[in-house]
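> Pasting the sequence and the predicted model now:
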Amino acid sequence: MSPEHPTPRAVLEKVLDPEMPVLTIADLGVLRDVREVDGRVEVTITPTYSGCPAMDVIRADIETALHAAGYPDVVVRTALAPAWTTEWITEHGRRALAAAGIAPPQPTTQGGGPVPIALSVPCPQCGSPDTRPQSQFGPTACTALWVCTSCREPFEYVKAF
Amino acid sequence: MTQLATTASVPAYVLRLADDALILAQRLGEWSAHAPELEEDVALTNIALDLLGHARMLLSYAGELLGGRTEDDLAFLRDEREFVNCQLVERPNGDFAATVARQLFFAAYQCELYAALGESADATLAAIADRAVKEVSYHRDHAVQWTLRLGDGTPESHRRMQAGVDGLWPYTSELFESDDLLLALVAAGVAVDPVALRPAWSGFLGPVLAEATLTVPETTWAPSGGRRGLHTEDFGLLLAEMQHLHRSHPGASW
């Protein structure tokens, strides 16, 4: 495969999440499947949150990127099941979040227990475990607001989900 | 699922779920820029956005089942008597404590509902419910924290929280009513039996209200009728605001 004509997957692995542009949609786990069928590129994505307003933008960005790379026939499908989980954020994605000052998600709890707000979230700035939640609802659907009681910096935390 | 259930009653059931989510999203959106603190402005509108997301998926599905109707057709072009949401979600916001009381009652109900609906024989409903249940568990947790803080807070916050509980409690009985449509869909494995949700709902709320030093009012008044299109006086005003733009400018888009 020549570098002038990358595969559809290679094209899409460079598309960024519009709300957290340090992550690609592949890092975020939203990009579920890419295949070529008779010259048409079929892409399957899974929404993070039901009301995530970024999904329409992601859909448009996928089409734009593929068109620009020489794939005119593109279909983007949305699959609800299985439901997205923060476990799908890649290791590379987690490091990119932390480097941008956004705390990556803690492992999700199993068994339908209470929302895991009691877990300590290390401060992405100074690394201190001495942090507290300020609000479970942050500037985007998938983040919560936290404050570090050591360095006093507020930060966003991608809620375990 | 039976053919009868497929053809007629599934979209009617989906509309009930959709309208509950849509109307509560509209009510919570009214808090935008009016909440007691910035974090709550963000929280209540985030919750509204989740609910709107559920409503859009459900309305799209109902429109598909009804044949060629879009989510916008169903949200903006139905009249009052065609909406089948429960009356609890349409009640005016009141003060912040009343909104917290409504959130507590309704999110606790939705947690039980969506957990059970994840097992539905209808694959689309099951997928929507699987996604939604995690979101509404955050809504419930948010309401629990505020219920405890206000109920077991100052005399004034306690008074307001108790007033919120007293005013909205009668509207909760409608959540657990069954009817012929539900009985048929429960038998078909599509719908969740609301009567069966009540014990878990009560079991969750009891300790929360007790810890918050709140009491449940003794009343036999149980308003009802939302599922049959009967609504409270405030509902028409809500619809007027929600539908005005779409009806004044048909086909308008961003």
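That came in fine, so what should we check first? Numbering: from 1, shown residues only, chains lettered A, B, ... in the order given.
> Could you list the paired strands of the helix or strand bottoming out on mean pLDDT in chain A along with their orientation?
Every helix and strand of chain A was ranked by mean pLDDT, DSSP states H and E. The lowest is strand A:131-135, at a mean of 91. According to DSSP bridges, strand A:131-135 forms sheet pairs with strand A:143-148 (antiparallel).
> so what's the one residue in the stretch 51-200 of chain B that gets nearest to chain A closest to, chain neighbours aside?
Nearest residue of the stretch 51-200 of chain B to chain A: B:Gly53, at 2.7 Å (C-beta to the nearest C-beta). C-betas here are computed from N, CA, C, even on glycine. What sits nearest to B:Gly53 in space, not counting adjacent residues and going by C-beta to C-beta, 6 or more residues apart in numbering or on different chains, is A:Gly51, at 2.7 Å.
> Run a quick neighbour tally on the one you found.
24 (other C-beta atoms under 10 Å in any protein chain shown).
> so who does it touch?
A:Ala141, B:Leu49, B:Asp50, B:Leu51, B:Leu52, B:Gly53, B:His54, B:Arg56 (C-beta atoms under 8 Å, 6 or more residues apart in numbering or on different chains).
> ok, 7 Å please
A:Ala141, B:Leu49, B:Asp50, B:Leu52, B:Gly53 (C-beta atoms under 7 Å, 6 or more residues apart in numbering or on different chains).
> buried ones in the strand or helix carrying the third one?
Element membership of B:Asp50 [criterion: DSSP states H and E] is helix B:38-66. By neighbour count, and taking 16 or more other C-beta atoms under 10 Å in any protein chain shown as the criterion, the buried residues in helix B:38-66 are B:40-63, B:65.
> Repeat that for stretch A:51-62.
A:Gly51, A:Cys52, A:Ala54, A:Met55, A:Ile58, A:Arg59, A:Asp61, A:Ile62.
> Buried residues of stretch A:76-83, list them for me.
A:Val76, A:Leu80, A:Ala83.
> taking those one by one, which sit in strands?
Among the buried residues of stretch A:76-83, the ones falling in strands (DSSP state E) are A:Val76.
> Of the buried residues of stretch A:76-83, which fall within the contact range of chain B?
Among those, proximity to chain B is found for A:Leu80, A:Ala83 (C-beta under 7 Å from any C-beta of the partner chain).
> wait, which of the buried residues of stretch A:51-62 is closest to B:Pro217?
A:Gly51 (33.4 Å; C-beta to C-beta).
> so what's the closest one scoring on pLDDT?
Per-residue confidence (pLDDT) for A:Gly51: 88.
> how about the residues of chain B near chain A?
B:39, B:42-43, B:46, B:49-50, B:52-54, B:57, B:127-128, B:130-132, B:134-135, B:137-138, B:141-142.
> What number of residues are in the vicinity of B:Gly236?
12.
> What lies in contact with stretch B:53-69?
By C-beta under 7 Å, 6+ apart, stretch B:53-69 touches A:49-52, B:10-11, B:14-15, B:17-18, B:21-22, B:25, B:70-71, B:73-75, B:124, B:128, B:132.
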